[in-house]
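Engineer: need coordinates for the following:
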Amino acid sequence: MKPYLFDEFFSSGLEESISPFLTKKSRTWGKNLSLKSSSSAAVLLLFAFLLSFVNLPSSHLLLSLVYFLVGTPALISALHDLKNLEINIDILMTTAAFVAILLGSGLEGALLLVLFALSHSLEDLVTHKAKSAIHNLNHIAPKFAYVLAPDKTLFEKSVKEITPGTHLFIKTGEIVPLDGTIIEGSSSVNLVHLTGESLPLPKTIGDTLPAGARNLEAALVIEVTRTNSDSTLTRIIQLVTAAAHAKPRMQRLLDRFGGPYATTIISLTLLFALALPLFFPLPYLGTEGAIYRALAFLIAASPCALILATPTAYLSALSACARQGILLKGGVTLDALATCKTIAFDKTGTLTTGDLLCTSFEPLTPSPLSPDEVLSIAYGLERQVVHPIATAICRLAEEKKLTPAAITSFQSHPGSHLEGRYGALPVAIGLPEKIAPDLPPSTTDHILAALRIGPHLYLFRFTDQIRKDLPPLMQKLTHLKLTPIMLTGDHAANAHAVGKTLGLSHIFADLRPEDKLTRVAALSSQHGLAMVGDGINDAPALARATVGISMGRIGSAAAVDASDAILLKDDLHLLPFLFHKARQTIRISKQNITLSLAVIILASTPALLGLVPLWAAVLLHEGGTLLVGLNSLRLLRTPY
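Structural biologist: Numbering: from 1, shown residues only. So this is what the prediction gives:
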């Protein structure tokens, strides 16, 4: 079979796990296989326990299946670790479970294996990222471009083979494949993939176009200025990759001392089994023998509760967050959230909706027309095109229940203006510099459009729509001892206007993706930073922040994949709940670890002294596990 090339793979739309030997049905069966097997083993163990009172052979048969399902993988993993001379908690748990069979406590050993397998499979399930941010970015980037030959014919060519100086034909609605300069045509382009801003920008001959921009209105011809490896979109892909590798990860307490703990317990078990008869009048065999006591010590000291102390708390918190519409990519996100002192917001699409709102319009010269008649004429012009400014004007007119004016001789000049006739009067609407070239530069903070009706001129003002009830949210975050700030690629005037409304005192504007990444890296290293964003341009910053939080409904695929937490309903008001839950999780995890260690100490030492028989050691051990689980369930409560 011919192998997939890099470009062909991403163009195919197939998953990263593509294989000609795997069918769709087999992939479904193989998904979350460890969780399925451990859950099945838990059910079988329950039936084995019940049958042990009425039908012992059937109980043993089911118990054998339990050991096959969860014991075999654990044994293989333990043997692999031993081969590599790695002594860890996994080996200790497996040893304790299989030694329980020799002591006639197969049910207890199976329970240890089932709990062990469930904790690991559930943890792997919630921490696994199903998609790669790199895949989504490459899916957006065009793999081929239309080259315009000297004889004006078009042919398709891989972007990797296109060199600077080549002329490319960009159709309406297409993504610009490579950085270049416009040599033919005029249009508006949307840079939302690069800057996060949805406002279309007019582009004409001589203007530069970055790779990743979407051409909105008319065909363009550009001259390539950079190769694919140096294009703007490729550099953003590289930023995401570098940021993901540099992202800080908390080291779990159990991972740090698991190996030494397991080695110590196994060594002590062997030592006690061999040495106790040398110092005390004990036999080696029998229920009062040294081997029995040493194995009881091993069971009592096996860290089942300790292993579950952290995962059960995190899984409960993850479940509570999921109920509220917050998807967290692993428990480590809660650890990181608890350390954050600063929370940064992107502006457009995060603090604002990304939609334009026509706030007002006013005559610049005395006008005999009423405001409704002026808006009706603008409505008649703008309803014939698809453009964010047109949408805002049409929405305002519809809210006022106006009918569009009858416009004749309509003409559209993409990226510039619209014109026609209203009765005997010439009318035009578009960029102020096109409609009224003599108009002095505006000092307003808002987006402008000008309307000319005969000799009369009108100015329309627009702004981003701020999401509802955000000022109280900022106050709640401040009460949680978090410092809210704004990081945006929008220009300073718009950013400060929005920031002032929300009561933000720390605003950083005019940031390119590289600038935003640098700022995020500095804040993350100093104070711990949670970054909230929605665009592809936010993906590097989301990946580099201590915690990246993206908007799931409106966010780009790259931002979602690069982030650690996803607000599935785009509800920023869940942020206080999220931070509170993270801090509560850390607190309960510490309680669980303390409780687990206390149970181990109280059970293992008396077991070694012969004061606690094997069944009692197992009971204390499992009782500690139950207490840890019940304590973790407190995190399922969602109100805050």
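Engineer: pLDDT score for the closest residue to Gly629 other than its chain neighbours?
Structural biologist: Nearest-residue entry for Gly629: Thr312, 5.4 Å, with adjacent residues in sequence omitted and distances by CB to CB, 6 or more residues apart in numbering. In short, each C-beta sits where N, CA and C put it, glycine included. On the pLDDT scale, Thr312 is placed at 74.
Engineer: go on, Ser121?
Structural biologist: According to the model's per-residue confidence, Ser121 sits at a pLDDT of 70.
Engineer: ok, it - contacts?
Structural biologist: The neighbourhood of Ser121, defined by CB atoms under 8 Å, 6 or more residues apart in numbering, consists of Asn32, Ser34, Leu35, Ser37, Ser38.
Engineer: helix, strand, or coil at the spatially most distant residue from the centre of the chain?
Structural biologist: When each C-alpha in the chain is compared with the mean C-alpha position (CA atoms, centre = their mean), Pro281 comes out farthest, at 62.1 Å. In terms of secondary structure, Pro281 is coil; the call rests on DSSP: H, G, I helix; E, B strand; the rest coil.
Engineer: about what we covered before: most surrounded residue in the contacts of Ser121?
Structural biologist: Within these, most neighbours by other CB atoms under 10 Å means Ser38, with 23 neighbours.
Engineer: element containing that residue, please.
Structural biologist: Remark: Ser38 resides in helix 33-51, with elements defined by DSSP states H and E.
Engineer: do the same with Asp355
Structural biologist: Of the helices and strands defined by DSSP H and E, Asp355 is found in strand 352-363.
Engineer: strands paired with that strand, and their directions?
Structural biologist: strand 456-466 (antiparallel) (DSSP bridges).
Engineer: residues making contact with the following helix or strand past the partner strand?
Structural biologist: Moving toward the C-terminus from strand 456-466, the next helix or strand (DSSP H and E) is helix 470-479. The contact list for helix 470-479, computed with CB under 8 Å, 6+ apart, reads Ile343, Leu351, Pro484, Thr501, Leu502, Gly503, Leu504, Leu572, His573, Leu575, Pro576, Phe579.
Engineer: so how far is helix 470-479 from its chain's centroid?
Structural biologist: 23 Å (CA atoms, centre = their mean, to the nearest Å).
Engineer: over to stretch 471-480?
Structural biologist: A distance of 23 Å separates the centroid of the chain from that of stretch 471-480, by CA atoms, centre = their mean.
Engineer: cool, and stretch 337-352?
Structural biologist: Counting by CA atoms, centre = their mean, stretch 337-352 comes out at 13 Å from the chain centroid.
Engineer: in that stretch, what counts as buried?
Structural biologist: Neighbour counts over stretch 337-352 (16 or more other CB atoms under 10 Å) mark 337-340, 342-352 as buried.
Engineer: give the buried residues for stretch 387-395.
Structural biologist: If you call a residue buried by 16+ other CB under 10 Å, then stretch 387-395 has these buried ones: His387, Pro388, Ile389, Ala390, Thr391, Ala392, Ile393, Cys394.
Engineer: helices of the stretch 201-350 of the chain, start to end?
Structural biologist: In order along the chain, the stretch 201-350 of the chain carries the following helices (DSSP state H, counting those that start in this stretch): 232-246, 253-279, 290-301, 304-323, 332-339.
Engineer: any idea how far the most centrally placed residue in the chain lies from Val547?
Structural biologist: With distances taken as CA atoms, centre = their mean, Ser563 lies nearest the centre of the chain, 3.0 Å away. Distance from Ser563 to Val547, counting by CB to CB, to the nearest Å: 8 Å.
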